[in-house]
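>>> Please work out how this folds:
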Amino acid sequence: MAKKILVAIDDSENAIRAVEFVANTFTTDNRITLFNVVQDTATMCEMNSPELTPYFISQQSSFCLLEEKKKDLVTKALQKSKTILTDAGFEEKNITIKAEIKKSGVARDIIKEAQSDYNIIVMGKRGVSGIKDFLLGSISQKVFNLAKDVSVLFVN
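Okay, the predicted model is just below:
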């Protein structure tokens, strides 16, 4: 029986490894959603307020160029992920690309999406030190702690 698999995607190598794991491990009859939570930075690029610090105003265009580059990298990662899956035999009709603006936080938004009838969340695990992970937390750790009604699979 086909399962609904949510794959959390960003522009990292870890995310691509998670997609490759899905492509090599799960049967091709499963339905895959490649899900990205988009940071809402467009409003910062459009801000033109006297309250803004002179430093931010002077750096605003550079910031916005970086944000556009980041969006481009995520779009390419989503397309690469779809190609990995189709090359592995998944039908295009069973692959959905979904990007949503961050509402509650990246981890909470992933969990909220997963609550719409997914069987499992698959995501790459960031390669940080145990101390840094403990102090700052990571998206994967937060997803793990928030997941109540759905399984989570981390790919190293």
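>>> Residue 67 in helix, strand or coil?
Using DSSP: H, G, I helix; E, B strand; the rest coil, the structure places residue 67 in helix.
>>> That one: neighbouring residues, count only.
Residues lying near residue 67 (other C-beta atoms under 10 Å) number 15. From N, CA and C alone the C-beta is placed, and that goes for glycine too.
>>> per-residue pLDDT, it?
As predicted, residue 67 sits at a pLDDT of 74.
>>> how near is it to residue 102?
Look at residue 67 and residue 102: by C-beta to C-beta, to the nearest Å, they are 13 Å apart.
>>> can you list residues touching both of those two?
residue 39 (C-beta atoms under 8 Å, 6 or more residues apart in numbering).
>>> which secondary element of the protein has the worst mean pLDDT?
Lowest by mean pLDDT, DSSP states H and E among the helices and strands of the chain is helix 130-136, with a mean of 49.
>>> For the helix or strand where residue 85 lies, what is the distance to the chain centroid?
Following DSSP states H and E, one finds residue 85 within helix 54-87. The chain centre lies 13 Å from the centre of helix 54-87; the measure is C-alpha atoms, centre = their mean, to the nearest Å.
>>> which element follows that helix toward the C-terminus?
Following helix 54-87 in sequence order, the next helix or strand is strand 95-101 (DSSP H and E).
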